[in-house]
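K.L.:
A predicted structure for the sequence below; I have some questions about it.
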Amino acid sequence: MSSFVLPIAEVVPAVRGALAAHSLVVVQAPPGAGKSTGLPLELLGEPWLAGRGIVMLQPRRVAARAVAARLAEGLGEEVGGTVGYRVRFDSRVSAATRLEVVTEGILTRRLQRDPELSGVGLVILDEFHERSLNADLALALLREVQGALRDDLRVLVMSATLDPGLPGRLGAPLIESAGRAFPVEVRYLPTDPVGRVEDLVARQVRVALEAEPGDVLAFLPGVREIRAAAGLLSDVDAAVLPLYGDLPVREQARALRPDPGGRRKVVLATSIAETSLTIDGVRVVVDGGLSRTQQFDPASGLSRMVTGRVTRWLEQHDL
């Protein structure tokens with residue numbers, strides 16, 4: 001298959017050997033190692049596949065489309081040939097597709113509709129560290145399928161970070177890959193900022209455009225804030241592009257690819273751009289420090305979207 005020079009290349013022989021001998025294998029590799037965009041291509045020719053296909057889970061729609069595009073590019077093809085994707089309300093697959101990138105709901109429904117996963121020889125659960133209910137359910141269902149229906153089905157769990165005890169609990173070999181580190185300079189505002197997050201982020205984006213080369217990626221909690229920040233940056237000498245889950249596919253692609261006219265880009269994104277996506281040209285990241293997540297409200301019995309601060313202290317203390 002395709003030749004590539006990525007850190008994950010060093011462990012490809014080990015992954016091949018492990019999958020030949022085990023029905024479940026765990027791979028841990030940091031962001032940028034190439035586990036999503038390099039490793040699946042190297043497994044398409046494995047003899048134990050016996051001509052069957054690979055299904056790879058990606059937690060988010062934007063990531064599923066982007067990863068499928070990168071994989072197809074690695075083969076010199078368009079999406080919908082050997083590599084395709086299937087997400088809610090959108091799919092690009094054909095009779096020639098052997099590697100299909102899908103989102104969580106798609107995989108769960110497929111398992112319910114066709115428990116034997118006819119025509120599939122390997123299921124890859126990518127970005128498993130994000131740990132959602134659907135991903136955990138998919139793994140549980142796949143283990144049941146392996147035990148009762150398909151002892152020839154392989155499962156590959158891939159993650160940037162893992163619970164150290166997970167491979168042992170699963171009874172699976174762990175293969176670790178090194179990453180490729182680059183120097184990163186972190187700067188904080190001198191005081192706790194006061195005001196609307198879109199105003200603060202837009203101001204820091206202007207500072208970054210004046211002080212640093214390259215494109216800018218800025219994180220905001222939601223679509224409303226992204227649109228407001230885009231309005232505040234309408235006069236900058238750069239292409240200001242939004243990136244969020246419900247954005248049309250063509251506009252998502254514009255945010256991920258270099259500007260056709262060679263202009264600098266400012267990508268205003270929600271947290272979907274935190275993992276699985278590679279945005280070419282980004283040299284500066286501006287983080288607004290807020291995130292919008294779904295939380296269950298016991299009083300009403302319903303879930304609602306809550307905007308809260310994202311801090312290192314909270315992450316370290318697991319609150």
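P.N.:
All right, it came through fine.

K.L.:
Pull out the buried residues from stretch 82-96.
P.N.:
Within stretch 82-96, the residues scored as buried using 16 or more other C-beta atoms under 10 Å are 82-87, 92-93. Heads up, the C-betas are built off the backbone N, CA and C, glycines and all.

K.L.:
Return the closest of the residues you listed with respect to Leu174.
P.N.:
The shortest gap between Leu174 and any of the buried residues of stretch 82-96 belongs to Val83, at 26.9 Å (C-beta to C-beta).

K.L.:
give the contact list for that closest one.
P.N.:
Counting by C-beta atoms under 8 Å, 6 or more residues apart in numbering, Val83 touches 68, 71-72, 75, 77, 97-101.

K.L.:
Show the model's pLDDT score for Glu252.
P.N.:
Let me fix one detail, which is that residue 252 is Gln and not Glu. pLDDT, Gln252: 85.

K.L.:
Confirm it sits in a helix?
P.N.:
Yes. The assignment for Gln252 is a helix, going by DSSP: H, G, I helix; E, B strand; the rest coil.

K.L.:
My guess is it contacts Asp246. True?
P.N.:
No. Contact between Gln252 and Asp246 fails when scored by C-beta atoms under 8 Å: they sit 9.8 Å apart.

K.L.:
which of the two has more neighbours?
P.N.:
Between Gln252 and Asp246, Gln252 has the larger neighbour count (other C-beta atoms under 10 Å), namely 22 against 9.

K.L.:
quick one: the closest residue in space to that one that isn't next to it in sequence from Val55, how far?
P.N.:
Residue nearest to Gln252 in three dimensions, not counting chain neighbours: Val62, with 5.6 Å by C-beta to C-beta, 6 or more residues apart in numbering. Val62 sits at a distance of 19 Å from Val55 (criterion: C-beta to C-beta, to the nearest Å).

K.L.:
Who has more neighbours out of the two?
P.N.:
Between Val62 and Val55, counted using other C-beta under 10 Å, Val62 has the larger neighbour count: 26 against 22.

K.L.:
Could you tell me the per-residue confidence at the more buried one?
P.N.:
Val62 carries a pLDDT value of 85.

K.L.:
roughly how far apart are it and Glu73?
P.N.:
With distances taken as C-beta to C-beta, Val62 is found 17 Å from Glu73.

K.L.:
Centre of the chain to stretch 53-64, how far?
P.N.:
How far stretch 53-64 lies from its chain's middle: 8 Å, per C-alpha atoms, centre = their mean, to the nearest Å.

K.L.:
before we move on, what about stretch 231-245?
P.N.:
Distance, stretch centre to chain centre, for stretch 231-245: 23 Å (C-alpha atoms, centre = their mean).

K.L.:
What are the buried residues along that stretch?
P.N.:
Neighbour counts over stretch 231-245 (16+ other C-beta under 10 Å) mark 232-233, 236, 238-244 as buried.

K.L.:
Those residues in strands, which ones?
P.N.:
Among the buried residues of stretch 231-245, the members falling in strands are 239-243 (criterion: DSSP state E).

K.L.:
Could you dump the residues you listed into a markdown table and include pLDDT?
P.N.:
Putting these into a markdown table (pLDDT from 0 to 100) gives the following:
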| residue | pLDDT |
| --- | --- |
| Ala239 | 95 |
| Val240 | 96 |
| Leu241 | 95 |
| Pro242 | 95 |
| Leu243 | 92 |
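
K.L.:
Just the closest of those to Leu6, please.
P.N.:
Nearest to Leu6 among those is Leu243, at 23.9 Å by C-beta to C-beta.

K.L.:
so where is this structure shaky, pLDDT-wise?
P.N.:
Along the chain, segments meeting pLDDT under 70 span 1-4, 130-131, 181, 273-276, 311-319.

K.L.:
what ranges do the strands span in it?
P.N.:
With strands called from DSSP E, the chain shows them at 24-28, 53-57, 83-87, 90-92, 99-102, 120-125, 154-159, 174-176, 215-219, 239-243, 265-269, 282-287, 290-297, 302-309.
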